[in-house]
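*Asks:* can you look at this prediction? I've put the sequence above it.
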Amino acid sequence: MTDTSQHRDAGSGSSTGGTLGEMGAVVEPSTRDGHDAGAIDWGTPAPGGAFDDQSPPDAALIGDCVHCGFCLPTCPTYVLWGEEMDSPRGRIYLMKEGLEGEPMNDELVSHIDACLGCMACVTACPSGVQYDTLIEQTRNQVERRHQRSASDRALRGLIFSLFPHPQRLKLVRGPLRLVQRTGLDRALRRTGLLERLAPQLAAMEGLAPKLGAPQPLPEYIRATGERRMTVGMLVGCVQGAFFPGVNSATARVLRAEGCDVVVPASQGCCGALSAHNGREPEAQDFARRLVDAFEDSGVERVVVNAAGCGSTMKEYAALLADDPAYAERAAGFAERVRDVSEILVELGPVAPRHPLEMTVAYHDACHLAHAQGVRSEPRQLLDAIPGLELKEIAEAEICCGSAGIYNILNPEPARELGDRKAANIVRTGAQVLVTANPGCLMQVTSAIERAGHPMGMAHTIEVLDASIQGAPASVFAPTTTP
Ligand code: SF4
Ligand code: SF4
């Protein structure tokens with residue numbers, strides 16, 4: 001398991017603990033295709049170095065970094081620890097060192113593991129450095145070439161044998177709901193036993209949302225009134241199992257806005273968790289199956305209501321580029337993928353909105369704002385609801401600490417980031433926190449609970465659905481946990 005506490009000592013003086021000044025000295029400008037390549041050999045990675053020649057971090061992309069440091073204030077790990085090697089610039093430097101012959105050691109891996117993959121640095125970078133591509137390439141190499149500890153392997157094995165499998169998650173739902181209804185979960189939490197014995201498992205347990213009844217969707221839902229578009233809908237793994245109400249609300253809103261909604265029963269995981277954690281072959285398998293599931297559905301768009309899933313599905317062309325049987329189909333699929341807020345803005349409203357008298361703070365999910373560039377659409381949809389007042393959250397660009405499974409693998413920094421986000425949310429004075437990703441909802445809910453400041457929590461589409469249905473604002477009142 002990665003021990004992130006080591007990063008708290010800024011400037012630890014390690015072999016990979018270079019400073020900006022040192023980096024400036026190492027990189028000598030040279031160009032290829034307009035990229036600053038520094039001292040990197042354009043051929044294969046140096047023998048004995050961290051990377052093999054199977055898609056190593058791209059030297060040309062590394063060369064694009066001019067070490068300006070504009071990304072630093074938006075990087076959550078740099079904000080927490082002030083450590084150069086836990087900044088985007090520092091991690092890019094480590095990739096360069098790895099290409100030049102530095103071995104893949106525990107320290108390199110710890111800095112790569114500590115990255116949340118939030119892509120705030122991609123938004124902030126004035127030079128257009130494609131850190132998203134670089135971290136994915138690096139993580140793929142880490143997972144293939146680095147031997148993790150037995151406990152780390154066991155935890156990752158548990159996570160990846162459960163979360164990307166909707167049927168297995170469904171099996172977990174029943175017992176988990178029973179534990180929640182009997183209060184056993186809260187009793188266990190109060191003992192602090194799990195926290196002491198297995199902090200990662202305690203983090204997983206603490207994040208589980210309060211489960212309601214399952215809400216299965218039919219495979220075909222007809223539009224209300226005149227059909228304007230036929231869309232496919234991703235149910236998602238965690239979304240489908242833990243937030244079925246979000247999927248029901250999505251289907252209702254799409255229907256009310258004139259969409260026939262197709263929900264193929266054969267769909268499974270989109271591969272986002274695997275892709276973001278260096279498990280490339282697994283992600284590719286999931287992507288192929290999802291392309292198959294929607295292939296003959298006749299849909300014009302594939303609608304997604306989970307930010308992490310949407311960002312990966314939009315990248316299927318790159319994920320399956322080397323697969324001759326799927327490359328073209330994956331590219332065609334990716335072109336049709338839209339976040340639910342994008343499709344609703346594209347269509348324009350036809351269903352009347354009813355007033356919701358409440359103040360709402362909107363939290364940008366990193367994989368929606370930074371990875372997909374979708375910021376204005378959710379705000380537009382919320383702003384158009386009569387009576388609703390929208391509040392902005394300070395430090396909006398900084399991740400809440402969820403980041404897929406980051407808050408399970410790295411509970412300590414994730415908790416710090418969650419508490420920081422919760423404090424900023426509470427400061428808005430809003431009654432309801434709204435976001436567009438199941439991971440963020442779980443992370444922020446548990447942080448707000450810790451802050452002792454009850455708030456309603458909802459997905460953007462649930463608020464829109466309530467307005468269209470004419471539901472009262474009280475449906476978003478906080479539920480208190482005894
Ligand atoms: S902002 Fe971009 S160019 Fe500047 S240090 Fe960060 S990644 Fe490099
Ligand atoms: S992806 Fe996020 S955590 Fe990782 S380097 Fe960029 S800003 Fe920092």
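*Replies:* Happy to help now that I have it. Ligands and ions are numbered 1, 2, ... in the order given.
*Asks:* so what's the closest residue to ligand 2 within the stretch 201-350 of the chain up against?
*Replies:* With distances taken as CB to the nearest ligand atom, the stretch 201-350 of the chain approaches ligand 2 most closely at H276, which sits 10.3 Å away. (Glycine included, C-beta is placed from N, CA and C.) For H276, the residues meeting the contact criterion (CB atoms under 8 Å, 6 or more residues apart in numbering) are G117, E136, R139, G308, T312, G404.
*Asks:* number of nearby residues for A471?
*Replies:* Applying other CB atoms under 10 Å, we find 15 other residues in the vicinity of A471.
*Asks:* tell me the SS of it?
*Replies:* Secondary structure, DSSP: H, G, I helix; E, B strand; the rest coil: A471 is coil.
*Asks:* which pLDDT value belongs to it?
*Replies:* Listed pLDDT for A471 reads 97.
*Asks:* quick check: the gap between it and R353.
*Replies:* When CB to CB, to the nearest Å is the yardstick, A471 and R353 sit 12 Å from each other.
*Asks:* quick check: the spatially most central residue of the chain vs A436, distance?
*Replies:* The centroid of the chain falls nearest to G308 when counting by CA atoms, centre = their mean (3.9 Å). When distances are taken as CB to CB, G308 and A436 turn out to be 10 Å apart.
*Asks:* ok, M457 touching V432?
*Replies:* Yes - the criterion here is CB atoms under 8 Å, and M457 meets it with V432 at 7.2 Å.
*Asks:* so what's in contact with those two at the same time?
*Replies:* F476.
*Asks:* so the residue nearest to the centre of the chain: helix, strand or coil?
*Replies:* The assignment at G308 comes out as helix when based on three-state DSSP.
*Asks:* can I get the helix or strand that contains L464 in CSV, CA atoms only?
*Replies:* Under the criterion DSSP states H and E, the helix or strand holding L464 is helix 460-469. Once side chains and other backbone atoms are set aside, the C-alpha atoms of helix 460-469 remain, and they are given as CSV (Å, rounded to 0.1, in the frame of the first residue of the first chain):
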residue,chain,number,x,y,z
THR,A,460,-28.1,17.7,-11.0
ILE,A,461,-30.6,15.5,-12.8
GLU,A,462,-32.5,14.8,-9.6
VAL,A,463,-33.0,18.6,-9.1
LEU,A,464,-34.2,19.0,-12.7
ASP,A,465,-36.5,16.0,-12.3
ALA,A,466,-38.0,17.4,-9.1
SER,A,467,-38.7,20.7,-10.9
ILE,A,468,-40.3,19.0,-13.9
GLN,A,469,-42.4,16.8,-11.6
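*Asks:* pLDDT of stretch 440-454, averaged?
*Replies:* 91.
*Asks:* helix/strand/coil for L433?
*Replies:* Secondary structure for L433, judged by three-state DSSP, is strand.
*Asks:* you'd agree it is up against A365?
*Replies:* No - using CB under 8 Å, L433 and A365 do not qualify as a contacting pair, with a distance of 11.9 Å.
*Asks:* run the chain-centre distance for the helix holding L464.
*Replies:* Relative to the centre of its chain, helix 460-469 is centred 23 Å away, using CA atoms, centre = their mean, to the nearest Å.
*Asks:* what are the buried residues along it?
*Replies:* Within helix 460-469, the residues that qualify as buried by neighbour count (16 or more other CB atoms under 10 Å) are T460, I461, E462, V463, L464, D465, A466, S467, I468.
*Asks:* which bits of this protein sit near ligand 1?
*Replies:* For the chain, the residues in contact with ligand 1 (CB under 6 Å from any ligand atom) are 65-71, 88-89, 121, 124-125, 127, 129.
*Asks:* rerun that using 5 Å as the cut-off
*Replies:* Where proximity means CB under 5 Å from any ligand atom, the interface of the chain facing ligand 1 comprises C65, V66, C68, F70, C71, P88, R89, C125, S127, V129.
*Asks:* give me the subset of those residues that also touch ligand 2.
*Replies:* Applying CB under 5 Å from any ligand atom to the residues of the chain next to ligand 1, those adjacent to ligand 2 are P88.
*Asks:* of the residues of the chain next to ligand 1, buried ones?
*Replies:* Members of the residues of the chain next to ligand 1 that pass the buried threshold by neighbour count (16+ other CB under 10 Å) are listed as C65, V66, C71, P88, R89, C125, V129.
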